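Student: Turn this into a model:
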Amino acid sequence: MQTQTATRIRISWPSGHLTATLDDTPTTQALIKALPLVSTARTWGEEVYFDTGVSVSRETGAREVVAPGTVAFWMDGDALALPYGPTPISRGGECRLAGPCNVLGHVDGDPRLLATVRDGDPIRVEPVDD
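Tutor: Now for the predicted structure:
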């Protein structure tokens, strides 16, 4: 039996879906245990975030400025944060999160798909079985 070093999840909302590849971190492990989960999407500039009901500690390597399409975990809100462009506190075109977030991985494909998520949309996260 092989050990997996990466986990894939599917994030779905009424007008679309995408998959993401997550690294093997303590936060990823806690999130996977909570799947599948359904939440309500919130938008903040060009970022989608939503409550997961998962509570984790800050990991070494937590960052505020990340690349578009990063899958991050915002500890202050127990939320997944999915930036695809600037937020209200960004400087220039960077993706600046509300505070330091644990970095879990990256969306597969074009993160601009997240622009179709509307504030208040139901959002579902589930594991992808390869």
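Student: Quick check: residue 123 touching residue 11?
Tutor: Yes: Residue 123 is within contact range of residue 11, at 6.6 Å (criterion: C-beta atoms under 8 Å). The C-beta positions use only the backbone N, C-alpha and C, and glycine is treated the same way.
Student: Need the overlap of contacts for these two.
Tutor: When C-beta atoms under 8 Å, 6 or more residues apart in numbering defines a contact, no residue borders residue 123 and residue 11 alike.
Student: what's the burial count for the closest residue to residue 78 other than its chain neighbours?
Tutor: Leaving aside its sequence neighbours, residue 78 sits nearest to residue 55 (C-beta to C-beta, 6 or more residues apart in numbering; 5.4 Å). If you count neighbours by other C-beta atoms under 10 Å, residue 55 ends up with 8.
Student: got it, and residue 30?
Tutor: That count, for residue 30 with other C-beta under 10 Å as the rule, works out to 16.
Student: which helices and strands sit right next to the helix or strand containing it?
Tutor: Residue 30 belongs to helix 26-34 when elements are defined using DSSP states H and E. In terms of contacts (3 or more C-beta pairs under 8 Å, 6 or more residues apart in numbering; DSSP states H and E), helix 26-34 is packed against strand 6-13, strand 16-23, strand 95-107.
Student: quick one, that helix and strand 16-23 angle?
Tutor: For helix 26-34 against strand 16-23, the angle by axes from the mean of the first three to the mean of the last three C-alpha atoms, to 10 degrees is 130 degrees.
Student: how distant is stretch 120-127 from the center of its chain?
Tutor: 11 Å (C-alpha atoms, centre = their mean, to the nearest Å).
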